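> Sequence and predicted structure are below.
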Protein chains: 2
Amino acid sequence: MIYLDHAAATPVSAKVLKAMEPYFSRDFFNPSAAYLPAKKVASEYEAAKDIIAHAIGAKAADLVITGGATEANNLAFTVLDDQVRVLASPSRSRVRPSGLSPQTDGATPRFANLRTPLRRDSDTTHTVVLYLETEHDSVRAVAKKHNGTAIRVLPNGLIDLDDLRAKITDETMLVSVSLANNELGTIQPMAEISTILKNIKIDRLRRGIKRPLYLHSDASQALNLLDINVSRLGVDVLTLNAAKVYGPKGVGALYVGHDVKLTPITVGGGQEKGLRSGTENVPGVAGFATAMKEAKEHLNSNRKKYRHLKQILLTELDGYELINKKHSLDSFVVLCYPGIDAERLIYLLEEKEVYVATGAACAASKGQGSHVLAAIGLSDAEINGSLRLTLGETNDEKQIHATARIINEVVKAERQRMLARG
Amino acid sequence: MIYLDHAAATPVSAKVLKAMEPYFSRDFFNPSAAYLPAKKVASEYEAAKDIIAHAIGAKAADLVITGGATEANNLAFTVLDDQVRVLASPSRSRVRPSGLSPQTDGATPRFANLRTPLRRDSDTTHTVVLYLETEHDSVRAVAKKHNGTAIRVLPNGLIDLDDLRAKITDETMLVSVSLANNELGTIQPMAEISTILKNIKIDRLRRGIKRPLYLHSDASQALNLLDINVSRLGVDVLTLNAAKVYGPKGVGALYVGHDVKLTPITVGGGQEKGLRSGTENVPGVAGFATAMKEAKEHLNSNRKKYRHLKQILLTELDGYELINKKHSLDSFVVLCYPGIDAERLIYLLEEKEVYVATGAACAASKGQGSHVLAAIGLSDAEINGSLRLTLGETNDEKQIHATARIINEVVKAERQRMLARG
């Protein structure tokens, strides 16, 4: 088997599994229990959180552990709900905001409380949420739920900063841009985006506008390929994903900056400082911590390895167009064979036990053309002929030479078959 | 070590761990991916869901896998949110409900859209959610978020059916009663509750009231001690928890009856039929399935074992009052030593490596007196002197004889210490 879909899933590494094991059957105690062995588990859980946090330049107290990156992304967007709560909570002012008029209700119910005070002139230019048009479905779906507006990307996959500047309004509270795209691997200039937002916040303060403006980033794909530091990135909220860094599925985390207020999605026992109730997934978090530590330790050697393997592919493959030419994670190789159906290639490669993707795994299973490839201006024929190869720890040089050979053969055979059919 | 807190956490059994293992590092594929090994994982995931569902007399299609019971409980309560969506979704009628007047906004924002059409006379007797006052925090918290009203329990811990009847109004949409209480083990008469609701629904239909009325139950504690069948129980929504049946932490499920519409808490890739997006926790669900199968298989022998062990405790322990005399799961032994501080007993027992609880683990860590014990009419002194022992698969007869002896010794020593201090 040659697995080239590490962006979709990574195997749990031996070290990670070893870190998890004690917490399944031996140290299985509920961290909330009152006796010593449970308290020991609770403190080891905190220590594991601290390791995860340290890997991104943060502290355990800044992290909310979630059931995955999708939940973390959804939780990040509750910075908006919080404002609803602040406006409407019974414990605060019950005075009805002066701008709330019957006419503004109904169409956008989830935002009624938040938006109506600012919709005095009934226009539709007020943008509360901005998100990059190439975001993963988990960001796009939650952004759409909040009537978010998409920021365009340039043909190279990078955020169009002019479009960002043009679309931010005085009502904008959240901008969500993934650190690295899940289909192209495109690394976005977070620090630059952060600086733009900082200047807008300074300008808002000067004009007496107190509305906050947060920067969220989904770092799921970037965790084991970039040296991530929340301060350097300038993000307020950051999504982490264990399952993409050789950690377990079903575990993620959200970094939450000090002045960011979230509203819990699930309430109950008050775990994770009330932001995510439910008995802690101790083995999962122990595994996540080891995965993050490993990722950090092998960052440079892995990047070097992937650059080398990528170069082999680009040299030895025939007749392709490279889609992600620049600004991309070292592990992403997105190729296009115009006129050839990539779905068929996947099937033919599968027969040779070479596993690649046509786009995001999620999108692929729904049979939809990639919104990411469309966003960078690819034609339908190009999109249908595109393959995503994502390198990872399971790969070695020998595999990659074989991959190039097998893909060349398969593409050649497919071209001949098409010619024969006329 | 003698572990007597199986209601707080259970170790992952050897069989469960074995069922999980292949999915960590070998069959780690993303079930949404397009190639064969991933599709195989997807079908095995569905098969595991089917096993879980079968254990409660349901089908895989009826289950939504969650990150635990707390999330499942929170998801259950979205039967209420769904109504908000139906009323206010832009894709449906945008007509403003006639009852919505400015005065009704503000105080209960989360329900404004739902409740206002029915609050024409501005009174406060409209009860949308009813929940048992002894529910776990994860139900209480979400019920309170929805302005829920508590149903009283009788001194024996059972639901006060008269109070239930009295508190249901034409607006009531959801009644939440856990199958077995997490502090007392009290088994509630779900079928009887279901019949009451059925009659109310018939009466509503006769009067032209179309508002649905759902019965939700958190079955977390009951899963490996009762033979659960959703039809027999008459529930519309049922919460399951892997971590209480020797399965992994961080995995739960919600059974959702055919006519029940939920609103997803997290949106994204559309997994779990759109009700819970995020890459599937394949090893977790594989483990959960094995845990449910095991629970079902050993149900009768386990119950017999626990009844026997419980009897040993009740016979050999000295000077206690039994709190959960009747209607309780066989594994729950809730004792009271009035005048003695149970927190101190826990500490003294911990030194002998006997681990018990004073109440729910969650409540215990917050240092609050148990709301459950208060609800059944116990005094503060009784609550402070109460111990919860929950038997499980880690216990044997020898351990239980030792437990009785150690608790007797510790209680005696504590009484003498108190006498000496005067």
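Done, it's in.
> which one's the longest helix in chain A?
Looking across chain A with DSSP state H, the single longest helix is helix A:397-421.
> Touching that one from outside, list them.
A:2, A:4, A:308-309, A:312-313, A:315-320, A:337, A:339-341, A:344-345, A:348-349, A:352, A:354, A:387, A:389, A:391 (Cβ atoms under 8 Å, 6 or more residues apart in numbering or on different chains). Just so you know, the C-beta spots here come from the backbone N, C-alpha and C atoms, and that holds for glycine as well.
> Among those, name the ones in strands.
A:2, A:354, A:387, A:389 (DSSP state E).
> which pair in those residues spans the largest distance?
The largest separation in the ones in strands among the contacts of helix A:397-421, counting by Cβ to Cβ, is between A:2 and A:387 at 13.2 Å.
> any low-confidence regions in the stretch 101-250 of chain A?
Where the stretch 101-250 of chain A drops to pLDDT under 70, the residues are A:101-125.
> which residues in it form strands?
For the stretch 101-250 of chain A, the strands defined by DSSP state E, counting those that start in this stretch occupy A:129-132, A:149-151, A:174-176, A:214-218, A:237-241.
> most packed of those strands?
Each of the strands of the stretch 101-250 of chain A was scored by mean neighbour count; the highest is strand A:237-241, a mean of 29, by mean count of other Cβ atoms under 10 Å in any protein chain shown.
> Tell me which residues of stretch A:217-232 come out buried.
Using 16 or more other Cβ atoms under 10 Å in any protein chain shown as the test for burial, stretch A:217-232 gives A:217, A:218, A:219, A:220, A:221, A:222, A:223, A:224, A:225, A:226, A:228, A:230.
> Can that stretch be said to contact chain B?
No - between stretch A:217-232 and chain B, judged by Cβ under 8 Å from any Cβ of the partner chain, nothing touches; the nearest distance is 10.1 Å.
> can I get the CA coordinates of that stretch in CSV?
Provided in CSV are the C-alpha atoms of stretch A:217-232 (Å, rounded to 0.1, in the frame of the first residue of the first chain):
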residue,chain,number,x,y,z
SER,A,217,-7.7,30.3,12.0
ASP,A,218,-8.1,26.5,11.4
ALA,A,219,-4.6,25.2,11.7
SER,A,220,-5.6,21.5,11.3
GLN,A,221,-3.5,20.9,8.1
ALA,A,222,-0.6,23.0,9.2
LEU,A,223,0.1,21.5,12.6
ASN,A,224,2.9,19.1,11.6
LEU,A,225,4.3,21.2,8.8
LEU,A,226,4.6,24.7,10.2
ASP,A,227,6.2,26.1,13.3
ILE,A,228,3.1,27.6,14.9
ASN,A,229,3.0,30.4,17.5
VAL,A,230,-0.2,32.1,18.2
SER,A,231,1.4,35.4,19.1
ARG,A,232,3.5,35.4,15.9
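> Now do it: distance to the chain's middle.
10 Å (Cα atoms, centre = their mean, to the nearest Å).
> returning to that earlier point: quick one: the longest helix of chain A to strand A:386-390, angle?
170 degrees (axes from the mean of the first three to the mean of the last three Cα atoms, to 10 degrees).
> What residues of helix A:397-421 count as buried?
Buried residues in helix A:397-421 (16+ other Cβ under 10 Å): A:399, A:400, A:403, A:404, A:406, A:407, A:410, A:411, A:414.
> again with stretch A:126-144
Buried positions in stretch A:126-144, judged by neighbour count with 16+ other Cβ under 10 Å: A:126-143.
> Mark which of these are part of helices, please.
Applying DSSP H to these, the entries found in helices are A:137, A:138, A:139, A:140, A:141, A:142, A:143.
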